[in-house]
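In: Need coordinates for the following:
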Amino acid sequence: MSMDLRRLLEAATPPLAEWAGLRRVRLSGRAYHAKDGRFDRAFDGVDEGYMIEVLSGGQFGYAAFAGDAAFAGDAGLEGLAARAGAAGEKALVLARSAGGRGLHRFGASVRPATRLRWEGPRGKRAPLGADLLSSHAIDLTKALKVSDKVVQASAVLFLRDEETESVSTSGAEIFQRVQLLEFSIQAVARDGNLVQRRSANGPRGRINQGGMELIHIEAQLEDARRTGAEAVELLSATDCPTMTGDLVLAPDQMNLQIHESVGHPLELDRILGDERNFAGWSFVRLEDIGSLRYGSDLMNIVFDPGIAGEAASYGADDIGNPARREYIVKEGILMRALGSLESQERSGRPGVANQRAQGWWRAPIDRMANLNLEPGKDGFDDIVASVERGVFMSSNRSWSIDDRRNKFQFGCEYGRLIEEGQLGKIVRNPNYRGLSSSFWNSLYKVGDPSTFEVFGTPNCGKGEPGQIVTTGHASPVCAFRGVEIFGGEA
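Out: Residues are numbered from 1 along each chain as shown. This is a model prediction of the structure:
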């Protein structure tokens, strides 16, 4: 549709604009929910629209307008062109009204003339029918119910298709498409007044790019049986003891740890103060970039938008900046922040290609994408053997972190004591707390590739007005020394 998009850009570009760009986004999704062996509900929807941005007097103005595939042919394009022209004029008015008030004057250099086509992996392109997917969701809840003590079992399969196309007056022409699958199952077990919840990899489950090959029916049913059994096991477990000891985190909890204590504090617009009115500031300062010891020598965090199947892989961000792998933290030293071309120009600090928007109705801002901890050299058994007294924890249950993304307290669904290098009994309600940089400096073991897993977050919120985007986080098993650990009653 690039020819039609170019025609719309011509209609949308006001005569006085220094530069203009038009982004079309088409989002489609279908979800299947089941609960307690029965079909619960389903969702199926398509949303399509356009965002025009105009540069004038060193400031960008934005305006959006709706449209969908029904606007086909010349008659449909004529109607869209009228909407585009009105949106372009509105964007120009907004850009000019910001003149003299902006913190920085931008030029078209922060909107590269990128030309690319990028698609995420899809092994099986043919869709599976609603009957099969809804039946699978129902079967998952039946598999979760391994005992009468499982009082609630739920499953969700959510398939998303995201298509983005952008053109600009400077020659940019970008097409990107990804398909994603979210898989989430949860069992709630009860014995009298005691209630425990167990999910597969936390309440957000798994989210990956790909096609129908991500529906592994037998493996997911086995995952459900294990999840239900562990929910029941937690009912007879003792509460996690309070101690200062070693903490071993599974990759599904490292997903949350990376997201909250590395990703958000390193978003460059947050460091600059843009988010302090809503989502908070950061303990990291501009002058820390390039010198701050963020963690131990074993901490190697990379921005990597090119991992096949990870949720936030892409070829370019939503302003057309080509994405490439970059070290964010290397051997514990903070190398660069998660800042777009705009934030890089404002701050004079290095960043990455991560200016992203939720959909056609939002302007792109600095967002984390795929943020991963590189594997080390220790196997899981070697990590456990290094612990004299501590706890292994998996699957996030709760999280709390202050507005500077520094002081945190996280809870997990499932824990096991480690004593004298041996995994011991199961404990329930395991929690830990710390300070972001101090915590990462206590990292003393990083698992090898055999412990490395890819997870993500489908609902990361930020911005004013708010935006929800998908992020990806991959990590091995990790161990931290001298962490404050406590149970649910502490």
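In: Assign residue 255 to helix, strand or coil.
Out: Using DSSP: H, G, I helix; E, B strand; the rest coil, the three-state assignment for residue 255 comes out as helix.
In: Next one, pLDDT for it please.
Out: With respect to pLDDT, residue 255 scores 97.
In: Excluding chain neighbours, what is closest to it?
Out: residue 455 (4.0 Å; C-beta to C-beta, 6 or more residues apart in numbering). For glycine as for every other residue, the C-beta is placed from the backbone atoms N, C-alpha and C.
In: chain center to the host helix or strand of residue 395, what's the gap?
Out: Element membership for residue 395, per DSSP states H and E: strand 389-401. In terms of C-alpha atoms, centre = their mean, to the nearest Å, the centre of strand 389-401 is set 19 Å apart from its chain centre.
In: pLDDT averaged over the one helix or strand the residue nearest to residue 255 maps to - what is it?
Out: Element membership for residue 455, per DSSP H and E: strand 453-462. Per-residue pLDDT over strand 453-462 has a mean of 94.
In: Alpha carbons only: can I get whatever helix or strand comes next after it in PDB?
Out: Once strand 453-462 ends, the next helix or strand along the chain (criterion: DSSP H and E) is strand 467-475. Output in PDB follows, covering the C-alpha atoms of strand 467-475 (Å, rounded to 0.1, in the frame of the first residue of the first chain):
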ATOM      1  CA  GLN A 467       0.700   3.900  26.300                       C
ATOM      2  CA  ILE A 468       1.000   0.100  26.500                       C
ATOM      3  CA  VAL A 469       3.700  -1.700  24.600                       C
ATOM      4  CA  THR A 470       5.400  -5.100  24.400                       C
ATOM      5  CA  THR A 471       8.900  -5.700  25.700                       C
ATOM      6  CA  GLY A 472      11.200  -8.700  25.600                       C
ATOM      7  CA  HIS A 473      13.600  -9.900  28.200                       C
ATOM      8  CA  ALA A 474      15.900 -12.900  28.000                       C
ATOM      9  CA  SER A 475      18.100 -14.100  30.800                       C
END
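In: And strand 467-475, what does it pack against?
Out: Strand 467-475 sits against helix 251-258, strand 371-373, strand 453-462, with contacts defined as 3 or more C-beta pairs under 8 Å, 6 or more residues apart in numbering; DSSP states H and E.
In: Tell me the first helix or strand C-terminal of the first one.
Out: It refers to helix 251-258. helix 268-271.
In: chain center to that following helix, what's the gap?
Out: Relative to the chain's own centre, helix 268-271 is displaced by 17 Å; criterion: C-alpha atoms, centre = their mean.
In: Parallel or antiparallel, list what pairs with the strand holding residue 395.
Out: Looking at strand 389-401 with DSSP bridges, its partner strands are strand 243-249 (parallel), strand 407-419 (antiparallel).
In: mind listing what's buried in the longest one?
Out: Read that as strand 407-419. 407-408, 410-418 (16 or more other C-beta atoms under 10 Å).
In: Adding pLDDT and distance to residue 164, write those out as JSON lines.
Out: Shown next, in JSON lines, are the buried residues of strand 407-419 (pLDDT from 0 to 100; distance: C-beta to C-beta, whole Å):
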{"residue": "407", "pLDDT": "97", "distance to residue 164": "37"}
{"residue": "408", "pLDDT": "98", "distance to residue 164": "33"}
{"residue": "410", "pLDDT": "98", "distance to residue 164": "33"}
{"residue": "411", "pLDDT": "97", "distance to residue 164": "36"}
{"residue": "412", "pLDDT": "97", "distance to residue 164": "36"}
{"residue": "413", "pLDDT": "97", "distance to residue 164": "35"}
{"residue": "414", "pLDDT": "97", "distance to residue 164": "38"}
{"residue": "415", "pLDDT": "98", "distance to residue 164": "41"}
{"residue": "416", "pLDDT": "98", "distance to residue 164": "43"}
{"residue": "417", "pLDDT": "98", "distance to residue 164": "48"}
{"residue": "418", "pLDDT": "98", "distance to residue 164": "46"}
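In: could you redo these as CSV and give each row distance to residue 220?
Out: Below are these laid out as CSV (distance: C-beta to C-beta, whole Å):
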residue, distance to residue 220
407, 37
408, 31
410, 26
411, 26
412, 22
413, 18
414, 19
415, 24
416, 24
417, 29
418, 29
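In: Nearest to residue 328 among those residues?
Out: Residue 328 lies nearest to residue 408 out of the buried residues of strand 407-419, by C-beta to C-beta, at 18.6 Å.
In: Looks like that closest one contacts residue 261 (just checking).
Out: Yes. Shown here, residue 408 and residue 261 form a contact pair, counting by C-beta atoms under 8 Å, at 6.0 Å.
In: and residue 8, what does it touch?
Out: 22, 50, 77, 80-81, 84 (C-beta atoms under 8 Å, 6 or more residues apart in numbering).
In: Please name the nearest non-neighbouring residue to it.
Out: Nearest residue to residue 8, sequence neighbours excluded (C-beta to C-beta, 6+ apart): residue 84, at 4.7 Å.
In: What backbone torsions are found at the one you found?
Out: phi -60, psi -40 (degrees, to the nearest 10).
In: domain parsing for the protein?
Out: 2-236, 239-486 (automatic domain parsing).
In: Packed most tightly, which of those domains would that be?
Out: Sort the domains of the chain by mean neighbour count, taking mean count of other C-beta atoms under 10 Å, and domain 239-486 sits at the top with a mean of 20.
In: distance between the ends of it?
Out: 9 Å (C-alpha to C-alpha, to the nearest Å).
In: again with stretch 356-375
Out: End to end - C-alpha to C-alpha - stretch 356-375 spans 27 Å.
In: how far out from the middle of the chain is that stretch?
Out: 7 Å.
In: What mean pLDDT does it get?
Out: Averaged across stretch 356-375, pLDDT comes to 97.
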